[in-house]
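Enquirer: Generate a structure from the sequence data that follows.
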Amino acid sequence: MDRATEIALCKKLLHYVDTRTTALADAPWENSVDAFASPERLAREQQTLFRDYPLLMGISSEWAEPGQYRTDDLAGIPILMVRGNDGVLRAFLHVCRHRGAKVADGCGATKLFRCPYHAWTYDLAGQLKAIPAEAAFANVRESRPSLTALPLCEKYGLVWVVPRPAADGATTFDIDPWLGGLGPELASYRIDTYHHYDRRLVPEKANWKILVDTFLEGYHIGFLHKDSLGSILYGNISDFEAFGNNARVILPRKKLARLREQPEAEWSLMRNTAMVYLLFPNTLFVPQGDHIEIQRIFPVDGRIDRAVMETGFYVPKKPTTEEEKLHWEKNFDLLVKVVSNEDFPTGRSMQIGFGSGAQTHVVYGQVEPGMIHYHQGLRRALSLPVDAGAPKDR
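Expert: Predicted coordinates for the structure are as follows:
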């Protein structure tokens with residue numbers, strides 16, 4: 001974020017606090033309950049949003065050296081990402097070309113990938129290097145010479161993968177057309193300088209979009225989080241800006257008022273607010289004053305009421321003392337505690353309500369512009385009408 005934008009946003013948020021106002025959508029909007037309760041809608045999302053759209057996988061420094069790899073199954077597709085000896089980060093369908101087994105586990109560093117089933121071996125560029133008893137597999141090396149590549153983009157310190165092989169065989173793509181002009185702002189955080197501290201999985205019994213929604217509005221802060229975040233953040237005050245299907249939501253911290261006593265040259269937006277970037281379709285990028293959080297959210301098992309949130313926690317440098325580790329562990333615990341003990345239980349109750357037949361639509365107010373923008377974007381991405389025109393509620 002450039003300095004002029006940062007100062008302007010600080011002033012806007014101070015105005016909101018002074019006047020007890022907030023960013024507003026043009027009008028309230030109704031969203032069909034089918035968005036959360038329809039198996040057909042979920043199947044459509046999985047085939048479009050989680051196959052054809054770039055999904056954020058992590059930050060570049062997670063693959064800092066040649067041979068560093070990570071596997072990922074969260075999108076419902078087995079993916080393997082590895083840094084080659086040439087310094088290029090690549091992504092593949094994590095499927096051995098013999099019988100389809102995985103060739104690696106978890107994450108780590110290696111020089112070769114060897115399938116544990118029959119020892120077919122691949123190099124860091126995905127090329128097939130060895131087939132035991134190869135004479136029994138005539139012409140196989142020529143017909144399937146490598147792991148199946150997926151398009152990958154490494155830019156702004158972040159890594160995206162499209163989980164479907166490109167029709168033209170392309171192994172790279174440009175993320176900028178998908179970011180709606182957000183690229184320079186992401187670059188300003190110098191994400192590539194951060195160290196990956198830890199990653200946790202939080203399973204939930206709710207639709208995956210309910211978990212995303214948790215981060216997109218501050219309307220609930222003063223109520224649901226009254227005893228946890230209520231002393232830290234203002235309730236029902238936020239700024240919102242769209243970047244294509246992506247968005248930025250900024251929630252002012254109560255210490256924002258101290259900016260009035262400081263010269264503008266010392267103003268820091270990040271240290272006086274909570275900023276959330278929606279990276280469409282399923283990721284929240286959250287830069288904090290002293291660390292970065294990335295929440296990646298996915299449906300699970302093809303069920304409308306099962307989801308998982310992967311939380312990645314990134315710090316400026318690798319902790320070297322027990323005191324530093326304890327500091328980051330407490331920060332990480334607080335993040336997971338609030339969403340797990342307050343937001344997500346409420347989401348579970350919502351999911352039950354969606355199946356009750358109580359109403360055909362939920363309503364988002366003008367004070368929830370992030371919600372309206374996100375769900376309208378989802379409908380457009382799925383080629384659904386933005387206004388479904390369903391019958392009015394009973």
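Enquirer: So residue 348: helix, strand or coil?
Expert: Secondary structure of residue 348, reduced to three states by DSSP: H, G, I helix; E, B strand; the rest coil: helix.
Enquirer: who's in contact with it?
Expert: Residues in contact with residue 348, defined by Cβ atoms under 8 Å, 6 or more residues apart in numbering, are 204, 205, 206. Using the backbone N, CA and C atoms, a C-beta is placed for each residue, glycine as well.
Enquirer: Can you select the buried ones among those residues for me in ChimeraX?
Expert: Selecting only the buried members of the contacts of residue 348 in ChimeraX, with burial defined as 16 or more other Cβ atoms under 10 Å, works like this:
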select :204,206
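Enquirer: State the distance from the residue lying closest to residue 192 once chain neighbours are set aside to residue 175.
Expert: Nearest non-adjacent residue to residue 192, counting by Cβ to Cβ, 6 or more residues apart in numbering: residue 157, 3.3 Å away. When distances are taken as Cβ to Cβ, to the nearest Å, residue 157 and residue 175 turn out to be 12 Å apart.
Enquirer: out of these two, which sits in the busier spot?
Expert: The residue with the greater number of neighbours, taking residue 157 and residue 175 and applying other Cβ atoms under 10 Å, is residue 175; the counts read 21 against 18.
Enquirer: Is the closest residue to that one other than its chain neighbours bridged to anything, and to what?
Expert: Taking Cβ to Cβ, 6+ apart, and ignoring the residues beside it in sequence, residue 175 has residue 153 as its nearest neighbour in space, at 4.4 Å. On the basis of DSSP bridges, residue 153 takes part in beta bridges with residue 160.
Enquirer: With adjacent residues omitted, what lies nearest to the most centrally placed residue in the chain?
Expert: The centre of the chain sits closest to residue 283, judged by Cα atoms, centre = their mean, with a distance of 1.8 Å. Residue nearest to residue 283 in three dimensions, not counting chain neighbours: residue 56, with 4.5 Å by Cβ to Cβ, 6+ apart.
Enquirer: my guess is that neighbour is in a strand, correct?
Expert: Yes. Assigned with three-state DSSP, residue 56 falls within a strand.
Enquirer: What's the separation between it and residue 312?
Expert: 9 Å.
Enquirer: Common neighbours of those two, please.
Expert: Residues touching both residue 56 and residue 312 (Cβ under 8 Å, 6+ apart): 294, 296.
Enquirer: Give me the buried positions along the helix or strand of the chain with the lowest mean pLDDT.
Expert: Sorted by mean pLDDT, DSSP states H and E, the helices and strands of the chain end with helix 322-338, the least confident at a mean of 89. Residues of helix 322-338 classed as buried by neighbour count (16+ other Cβ under 10 Å): 328, 331, 332, 335, 338.
Enquirer: got it, and stretch 229-244?
Expert: If you call a residue buried by 16+ other Cβ under 10 Å, then stretch 229-244 has these buried ones: 229, 233, 234, 235, 236, 237, 238, 239, 240, 241, 242, 243.
Enquirer: Ignoring the adjacent residues along the chain, who's closest to residue 294?
Expert: Sequence neighbours aside, residue 312 is the residue nearest to residue 294 in space, at 4.2 Å (criterion: Cβ to Cβ, 6+ apart).
Enquirer: now the strand or helix carrying the one you found against helix 322-338, angle please.
Expert: Applying DSSP states H and E as the criterion places residue 312 in strand 303-315. Here strand 303-315 runs at an angle of 160 degrees relative to helix 322-338 (axes from the mean of the first three to the mean of the last three Cα atoms, to 10 degrees).
Enquirer: Strand 303-315: partners in the sheet, and parallel or antiparallel?
Expert: Going by DSSP bridges, the partners of strand 303-315 are strand 195-204 (antiparallel), strand 292-300 (antiparallel).
Enquirer: now those strands in JSON lines, with distance to residue 34 and mean pLDDT?
Expert: Formatted as JSON lines, the entries for those read as follows, by distance: least, Cβ to Cβ, whole Å; pLDDT from 0 to 100:
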{"stretch": "strand 195-204", "distance to residue 34": "20", "mean pLDDT": "94"}
{"stretch": "strand 292-300", "distance to residue 34": "15", "mean pLDDT": "97"}
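Enquirer: Adding distance to residue 275, write the ones you listed out as a markdown table.
Expert: Supplementary listing: the strands paired with strand 303-315 in a markdown table, determined by distance: least, Cβ to Cβ, whole Å:
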| stretch | distance to residue 275 |
| --- | --- |
| strand 195-204 | 19 |
| strand 292-300 | 10 |
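Enquirer: Check which helices and strands the least confident helix or strand of the chain is in contact with.
Expert: For helix 322-338, the packing partners by 3 or more Cβ pairs under 8 Å, 6 or more residues apart in numbering; DSSP states H and E come out as strand 195-204, strand 303-315.
Enquirer: Give the residue farthest from the middle of this structure.
Expert: When each C-alpha in the chain is compared with the mean C-alpha position (Cα atoms, centre = their mean), residue 135 comes out farthest, at 45.8 Å.
Enquirer: the helices in the chain, which residues?
Expert: In the chain, the segments counted as helices under DSSP state H are 3-19, 34-37, 39-48, 140-143, 176-179, 183-187, 208-213, 221-224, 322-338, 344-354, 369-381.
Enquirer: number of nearby residues for the closest residue to residue 186 other than its chain neighbours?
Expert: What sits nearest to residue 186 in space, not counting adjacent residues and going by Cβ to Cβ, 6+ apart, is residue 156, at 4.4 Å. Other residues near residue 156 number 23, with proximity taken as other Cβ under 10 Å.
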